[in-house]
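Engineer: what shape does this take:
(one chain, ligands or ions: 1)
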Amino acid sequence: MRIAIIGQGYVGLTIAVGAAGAGHKVFGFDVNKELVNQLNSATSHIEGISDAELKNFLSNNTYTASTEASSVNGCEVIVIAVPTPLTESREPDLSFVHAAVELIQNNVKTPTLIINESTSYPGTLRKEIAARITGVTHLYASSPERVDPGNTQWGTKNTPRLIGGLTPEAVSKAKEFYLSFCDTVIEVSSPEVAEAAKIFENTFRQVNIALVNEFAQIADALGISGREVLDAAATKPYGFMEFNPGPGVGGHCIPVDPTYLAYVANEVGVPATFIKRANEVNLAQPAYVVKRVIAGAGGSVRGKSVVVVGVSYKANIADTRETPATSVIDLLREAGAAVSWHDPLVGSWRGENSADLGTFDVAVVVTKHDVVSVTDIKKSSFVFDCTGSIPGADGI
Ligand SMILES: NC(=O)c1ccc[n+]([C@@H]2O[C@H](COP(=O)([O-])OP(=O)(O)OC[C@H]3O[C@@H](n4cnc5c(N)ncnc54)[C@H](O)[C@@H]3O)[C@@H](O)[C@H]2O)c1
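Structural biologist: Take a look at the predicted model:
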């Protein structure tokens, strides 16, 4: 099939490579010219997709990146994989989805299967995509992406995929497309069910992470190890699922998607109290970390050299979106510390470069990448670990 994928970020490029691997002819459309040039010269920006893999698809003509709007015309399938962030006032921002819709409206002249993979609230496919496209009768399906960047066990092929469509024909064609590169496709009765399932999955994570973050504070105040308690609880073979405490949540999903659910809940008059409280707990976690760091460093960090280790939001990936490292660093600076950060995967961020690990007064481990040496972290006089991966260190 001829496939166009709108957006070549984490999700779009992952699907592009999956589809190209199945022998489809894939056009990866993106508004970012620099990214498109980079992709066309076989440089991947995503962990898990190698330059060699990209080069192979480019040279056998199964993949091309493009900024040309006309590249989306004449395809059998168009996949929308654009950002769905929050506005300044923390409300759903569908402007990228609407821009993709406009692109389709202006350029696609023949009936096509249009699939939305961008995460959004139930009703998005029907009201924000299909209802805005006139003139050509397309097929519409929703298949929310579940990619977990950096996860080597679960990828596009073996992660079951949900599909809900506006018509049986849309579902059937979407199934045919996804089954060409995914092992399991699960059909649900409507796009709204698929959309809601995706945001509920991430809300489940957000709420449980907030719960263990709060529990870690309770355990510390009780003078016991929260992590040991959680490990002990996890020996129960049923009815318990282990989540780990940390410095807060980051990335494009967990801090964002639940707010999409809270938004529609509010529209229909149901208070989403768990989401609101979980956001509060997770957003307050950097302040708790800094409070513990100050206590552990003898009551003050004023004038002390502090290195924050790992500024991406999760281990072994370079994504800094919504990372709690931002607040940890800012709060440490407000407390008078001289803060540098070390993250070989990120390299440069917020106009600063990654510092070498050396003998700092304090090291605060926010994210622990495999390539970062524990021995180097331990060169600092006091280590505070938010990840549970530095043996013997104080932390959460
Ligand atoms: N990153 C994840 O782990 C993940 C997992 C599951 C679902 N999602 C969801 O998938 C969607 C995409 O997320 P992502 O992480 O791939 O984002 P991303 O920021 O990595 O990539 C989005 C890409 O879309 C491009 N873009 C923006 N507007 C565009 C337009 N009008 N036309 C063409 N391209 C455009 C951007 O330049 C960017 O390259 C979001 O809804 C997100 O919530 C993300």
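Engineer: quick one: check the longest helix seen in the chain for contact with the ligand.
Structural biologist: The residue-count maximum for a helix in the chain (DSSP state H) belongs to helix 191-222. No - Helix 191-222 lies out of reach of the ligand by C-beta under 6 Å from any ligand atom, never closer than 7.4 Å. The C-beta positions use only the backbone N, C-alpha and C, and glycine is treated the same way.
Engineer: give me the nearest residue to the residue in the stretch 201-350 of the chain positioned nearest to the ligand, chain neighbours excluded.
Structural biologist: Residue of the stretch 201-350 of the chain nearest the ligand, by C-beta to the nearest ligand atom: residue 252 (4.6 Å). Of all residues not flanking residue 252 in the chain, residue 321 sits nearest, at 5.3 Å (C-beta to C-beta, 6 or more residues apart in numbering).
Engineer: tell me the contacts of the one you found?
Structural biologist: 250-252, 313 (C-beta atoms under 8 Å, 6 or more residues apart in numbering).
Engineer: ok so, going back, mind listing what's buried in the longest helix of the chain?
Structural biologist: 191-192, 194-199, 201-203, 205-207, 209-217, 219-220 (16 or more other C-beta atoms under 10 Å).
Engineer: pLDDT at residue 151, what is it?
Structural biologist: Reading off the confidence values, residue 151 has pLDDT 89.
Engineer: nearest to residue 40 among the contacts of residue 321?
Structural biologist: Distance to residue 40 across the contacts of residue 321 (C-beta to C-beta) is lowest for residue 252, with 24.3 Å.
Engineer: mind jotting down where the helices sit in the protein?
Structural biologist: 10-21, 33-40, 51-59, 95-107, 168-179, 191-222, 226-233, 257-267, 273-296, 325-334, 374-377.
Engineer: what bridges to residue 65?
Structural biologist: Bridge pairing for residue 65 (DSSP bridges) gives the partners residue 28.
Engineer: got a list of what it touches?
Structural biologist: 8, 27-30, 35-36, 39-40 are the contacts of residue 65 under C-beta under 8 Å, 6+ apart.
Engineer: so which bits of the stretch 251-396 of the chain are right by the ligand?
Structural biologist: Within the stretch 251-396 of the chain, the positions near the ligand by C-beta under 6 Å from any ligand atom are 252-253.
Engineer: I'd guessed residue 162 sits against residue 143; true?
Structural biologist: Yes - in terms of C-beta atoms under 8 Å, residue 162 counts as a neighbour of residue 143; the distance is 6.4 Å.
Engineer: hey, what's in contact with both of the two?
Structural biologist: Contacts common to residue 162 and residue 143, judged by C-beta under 8 Å, 6+ apart, are residue 194.
Engineer: between those two, who's got more neighbours?
Structural biologist: residue 143 (28 against 21; other C-beta atoms under 10 Å).
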